[in-house]
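In: Build me a model:
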Amino acid sequence: MGSRTMSRTPTPPNGASSDANEWLTSDQVVDRLLEDPLLRRVASTCVLPAVRCGDEWRFRRSDLDQWIGRQRRLHESDAPAPAGDTFQKN
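Out: Now for the predicted structure:
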């Protein structure tokens, strides 16, 4: 029997880019999310886009970037308004 080696990088679907830098490990994603308090809070309560690769999860960098952009836009209204920029109804 010959030895077989398996790639630890997921096979891109339907001819998409196979750039190894496109795929992030769980540890890389955690490091990135912990840098931002908003992302840390949101990521703990939602599902991130990922694919299963053997017994590991991998995250496509472009999908994560899009998810981060959506979360920031969705939570912009959660930020308190700066002093002087508040609206008061008479």
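
In: for the protein, what's the longest strand?
Out: Longest strand of the chain, by residue count under DSSP state E: strand 56-60.

In: what about the protein, any weak spots by pLDDT?
Out: 1-20, 78-90 (pLDDT under 70).

In: Can you show me the strands along the chain?
Out: Under DSSP E, the chain gives strands at 23-25, 51-53, 56-60.

In: any chance of the ones you listed in a markdown table, plus distance to residue 36 and mean neighbour count?
Out: Every residue, glycine included, has its C-beta placed from N, CA and C. Formatted as a markdown table, the strands of the chain follow (distance: least, C-beta to C-beta, whole Å; neighbours: other C-beta atoms under 10 Å):
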| stretch | distance to residue 36 | mean neighbour count |
| --- | --- | --- |
| strand 23-25 | 15 | 17 |
| strand 51-53 | 23 | 13 |
| strand 56-60 | 16 | 17 |
